[in-house]
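Asker: Need a 3D model of the following:
(2 chains)
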Protein chains: 2
Amino acid sequence: MDTTQLPKYQQIIETIKEKISKGEWPIGSKIPSQRKLAEEFGVNRSTIITALEEQAADGLIEGKTGVGTKVINNTWTLLASRQSANWSEYIDTGIHRASEKIVQEINDLEMDPAFIQLSKGELSPEIFPVQTMQKVLKEAADELSELGYEEPKGYLPLRQAVSEYLAASGIYASPSSILIVSGGLQALQLVSLGLVQRGAPVFLEKPSYLYSLQLFRSSGMNLKGLPMDKEGIITKSISLKKYEKGKSILYTIPSYHNPTGILMTEKRRRELLDVCRIEQLPIVEDDIYRELWLDEMPPPPLKAMDKNGQVLYMGSLSKTLSPGLRIGWVAAPEPVIDRLADLKMQTDYGSSSLSQRAAEKWLSTGLYQKHIENVREQLRVRRHTALNTLDEHLSGIAEWNSPEGGFFIWLKVPSTIPIRLLYRQAISRKLLLNPGSIYSDGPNHFIRISYAYASLGELQEGILILGEEIRKLL
Amino acid sequence: MDTTQLPKYQQIIETIKEKISKGEWPIGSKIPSQRKLAEEFGVNRSTIITALEEQAADGLIEGKTGVGTKVINNTWTLLASRQSANWSEYIDTGIHRASEKIVQEINDLEMDPAFIQLSKGELSPEIFPVQTMQKVLKEAADELSELGYEEPKGYLPLRQAVSEYLAASGIYASPSSILIVSGGLQALQLVSLGLVQRGAPVFLEKPSYLYSLQLFRSSGMNLKGLPMDKEGIITKSISLKKYEKGKSILYTIPSYHNPTGILMTEKRRRELLDVCRIEQLPIVEDDIYRELWLDEMPPPPLKAMDKNGQVLYMGSLSKTLSPGLRIGWVAAPEPVIDRLADLKMQTDYGSSSLSQRAAEKWLSTGLYQKHIENVREQLRVRRHTALNTLDEHLSGIAEWNSPEGGFFIWLKVPSTIPIRLLYRQAISRKLLLNPGSIYSDGPNHFIRISYAYASLGELQEGILILGEEIRKLL
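Answerer: Here you go, the predicted structure:
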């Protein structure tokens, strides 16, 4: 735009804006002195000062006596940062905000091949069944005739396959009561968008995976942690205030809980169902680790014991076959599935048809079930290595459980050790592990390590480093 | 649970709850009379009345004199419906709520093969390149080595391919300024979650695709329609209040606008960029129809003319290749992409790796560009058929544009015809078309028809039926 038509004062503002947004004056840079700008524009210094003041009021620049004036924002960053400010309205304390940063950092470092990944809750690429996946994809390709939008609840043959698959765990859900989602996280997002009222309490294990998910707090979920013992949630801790009834949900990972690895006993499962029925508290059962039992099969899912349509059940292929497929499912009473399917359509018009077709092949041919047997075999070796190495290097300086399934060991370090510092020290030695603080609020002396991802050698080396760093901090 | 330990009164309530949630007394059914219940439980009628009153207060049952008591809810439907009530807080008027229902109905009917689909904004399966897609999938399968979570911004080779592809339209975006998304709708959702403040105005064409998306209004986007002429948005209608500055965005579909088919001229594009720069109004450019030009190439994207980092650009494979892939992209200043990538990770941990790999193959081999030439050829034939048939059957009773690209013809019917009634009449004859009312608020005399999906024969038949129904209503 030609700015020469504007009054001098406005011209200066426009020029400054343009230089900032074009990146000619990037964020963080010092702009020319007032004297110099005055010369450049041929105005007196007070005109410059007024123009700069307006830019400062808009949040683009910031002046400090003796230091000069710096660019601190452009239009987009203003938008992004104002938005952050808005998000933080829904965040209770400073600790949460910090936890968001650390989770972002972990996400980034998980992509760094230079690190020993004791953090990733994901199967090692060594376990990924490349050849079978190639075969499945080629078969799916051969059968392809079109690739349009799928039905709102997902590709029907896949829903049929999931329905049959669930029946093997005692869950009877017809394809119309099943919604295909892009992984467990999306299922949770749909629940939080569609079923949970802003500000309504969500009861859950403390610690829990959900605490690490900023989005849920940002979308107004009010997390209420429930204490656990080695059998799972202590059910007598569940109590709803009158006005909370009919608005709250309970979220639980009964099998090989993330991050603690705890397996809820059958007795506790029945108690939980009873208490929740009486409290009119619907249950969201996150059962994505169920197939990863290592010693013996877990008790039936809550959903299989559920006679009252209380339970919304979530499963996924991400932890057992491939996260890259982005395929999971929800089974729940049909009106709830209808509601979530409508939201899913409004969110992303359904999951990848390619992935849905591949998933259908895995499930309906029995290849999936066969693959999981191999996964269990491999995880047993990994767990054994992890526990042996822990015995060797961390005896006496930490405590841990021996998980009956899943990926995780929940390590307790001495309470004199600042957990964030330990995390930092590990990072400085290219070891990534998850500090317990991201799974809970309040003081924390735990670390989650995963034996699923790193190679056996890295697993041993990582635990060795962890031992050394703990000793240094003692 | 054994209820015999509870007081009689409580037992009755528990029994009723159980029967309702088990589905033994399904929603809509009449429950036994008070007299009969009194006999059954061996209590007097007043105890029954008190117990029923409590259930009614919980919203589970409803009693009407002379009709008896009916089940109206169970725990889950209560949750879902309360939530609906909550959603509607963010909806301005009754009209919007109605529009949501009709959009759901259209979504459902679009899956019904008995209907002539003049509604679907999607390429006909006849145009889908089955064999090439099979070849691409098999090549992608052969190259597969793992299928884990991708980087937060998406599969790097795909981002590189998109970066090169965008350069052909004059857009220079490095892979780190590109985010892979599961289609254009998800891009919009991320923008609405991450950049738009609740209640802040979103300027957009009126009518617009966005009006049909309940989710955006529900998430607090405050839509401000801008009038258009045949060159696009009338830019002098854009004006922000002081407090709206730095909070608002402008959403536009400059090429083959949905639903009107309008192509914004180059002159108008430059004006729009100027006005938005002065108003500090970032632009979200939805350019998913760009490649579907039929007569001559459209003017450069706004993003290509954007010297100031004002524009967030959205593209997708859904309209040109396959909606089932669920692959689209966003190009924007890097801090914005960082923010959206983080949200995307929190939403669904990234798009399907399979789909990303397939998309990369299409783009990087030039197969995509070759395919689009064929798509244009087919769409020209379809547009020709549609316009000829309109001339034949609707001359004098409707007005329409001749679109220069895209999928849509925007039909104006006489203002005496109630548009909803016309839509209903068409449905009764198994013809699905989109009433203009879902793209706008206020009175409306338009219909959107798509020539992209139905076969040529259906296209002709559908337009014939439409003509007949309009005549009946005149």
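Asker: Let me see the ranges of the strands in the stretch 251-400 of chain A.
Answerer: Using DSSP state E, counting those that start in this stretch, the strands of the stretch 251-400 of chain A run over A:283-286, A:311-316, A:328-331, A:399-400.
Asker: List just the one of those that sits closest to chain B.
Answerer: In terms of CB to the nearest CB, the element of the strands of the stretch 251-400 of chain A nearest to chain B is strand A:311-316, at 8.1 Å. C-betas here are computed from N, CA, C, even on glycine.
Asker: still on that earlier bit, could you dump the strands of the stretch 251-400 of chain A to JSON lines with distance to B:Ala51, mean pLDDT and mean neighbour count?
Answerer: Listed next are the strands of the stretch 251-400 of chain A as JSON lines, based on distance: least, CB to CB, whole Å; pLDDT from 0 to 100; neighbours: other CB atoms under 10 Å in any protein chain shown:
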{"stretch": "strand A:283-286", "distance to B:Ala51": "25", "mean pLDDT": "96", "mean neighbour count": "25"}
{"stretch": "strand A:311-316", "distance to B:Ala51": "26", "mean pLDDT": "96", "mean neighbour count": "27"}
{"stretch": "strand A:328-331", "distance to B:Ala51": "32", "mean pLDDT": "97", "mean neighbour count": "28"}
{"stretch": "strand A:399-400", "distance to B:Ala51": "51", "mean pLDDT": "96", "mean neighbour count": "17"}
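Asker: Could you dump those into TSV and include distance to chain B?
Answerer: As requested, the strands of the stretch 251-400 of chain A are arranged in TSV below (distance: least, CB to the nearest CB, whole Å):
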stretch	distance to chain B
strand A:283-286	10
strand A:311-316	8
strand A:328-331	10
strand A:399-400	26
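Asker: now the ones you listed as JSON lines including distance to A:Thr69?
Answerer: Below are those laid out as JSON lines (distance: least, CB to CB, whole Å):
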{"stretch": "strand A:283-286", "distance to A:Thr69": "51"}
{"stretch": "strand A:311-316", "distance to A:Thr69": "52"}
{"stretch": "strand A:328-331", "distance to A:Thr69": "51"}
{"stretch": "strand A:399-400", "distance to A:Thr69": "55"}
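Asker: Write out the residues of the stretch 351-474 of chain A neighbouring chain B.
Answerer: By CB under 8 Å from any CB of the partner chain, the residues of the stretch 351-474 of chain A that approach chain B are A:Ser351, A:Ser352, A:Ser353, A:Leu354, A:Ser355, A:Ala358.
Asker: which residues of chain A score low on pLDDT?
Answerer: Within chain A, the segments meeting pLDDT under 70 span A:1-5, A:21-24, A:26, A:65-66, A:74-100, A:218-219.
Asker: buried ones in the longest helix that it contains?
Answerer: Determined from DSSP state H, the single longest helix within chain A is helix A:367-394. Of the residues in helix A:367-394, A:367-368, A:371, A:375-376, A:378-379, A:382-383, A:385-387, A:389-390, A:393-394 count as buried by neighbour count, 16 or more other CB atoms under 10 Å in any protein chain shown.
Asker: the helices in the stretch 51-200 of chain A, which residues?
Answerer: Here the stretch 51-200 of chain A has its helices, by DSSP state H, counting those that start in this stretch, at A:75-88, A:94-109, A:130-142, A:156-167, A:184-194.
Asker: ok, back up a step: identify, from the residues of the stretch 351-474 of chain A next to chain B, the entry nearest to B:Val71.
Answerer: A:Ser351 (34.4 Å; CB to CB).
Asker: which ones are touching the nearest residue to that closest one once chain neighbours are set aside?
Answerer: Excluding the flanking residues, the one nearest A:Ser351 by CB to CB, 6 or more residues apart in numbering or on different chains is A:Ser182, at 4.6 Å. Contacts for A:Ser182 (CB atoms under 8 Å, 6 or more residues apart in numbering or on different chains) come out as A:Arg326, A:Ile327, A:Gly328, A:Asp348, A:Ser351, A:Ser352, B:Ser182, B:Asp348, B:Tyr349, B:Ser351, B:Ser352.
Asker: just checking, A:Leu394 touches A:Ile465?
Answerer: No - the pair A:Leu394 / A:Ile465 is not scored as a contact, 11.1 Å apart, by CB atoms under 8 Å.
Asker: The residue in the stretch 151-300 of chain A that chain B sits nearest to in helix, strand or coil?
Answerer: Closest to chain B within the stretch 151-300 of chain A is A:Leu215: 3.9 Å, counting by CB to the nearest CB. Reduced to three states with DSSP: H, G, I helix; E, B strand; the rest coil, the structure at A:Leu215 is helix.
Asker: Spell out which residues sit in contact with it, please.
Answerer: A:Gln189, A:Ser192, B:Leu343, B:Gln346, B:Thr347 are the contacts of A:Leu215 under CB under 8 Å, 6+ apart.
Asker: neighbours of the residue in the stretch 351-474 of chain A positioned nearest to chain B, just the number please.
Answerer: Nearest residue of the stretch 351-474 of chain A to chain B, counting by CB to the nearest CB: A:Ser353, 3.0 Å away. Applying other CB atoms under 10 Å in any protein chain shown, we find 26 residues neighbouring A:Ser353.
Asker: Over to A:Lys267?
Answerer: Other residues near A:Lys267 come to 11 when the count uses other CB under 10 Å.
Asker: And for A:Val413?
Answerer: A:Val413, neighbours per other CB under 10 Å, totals 24.
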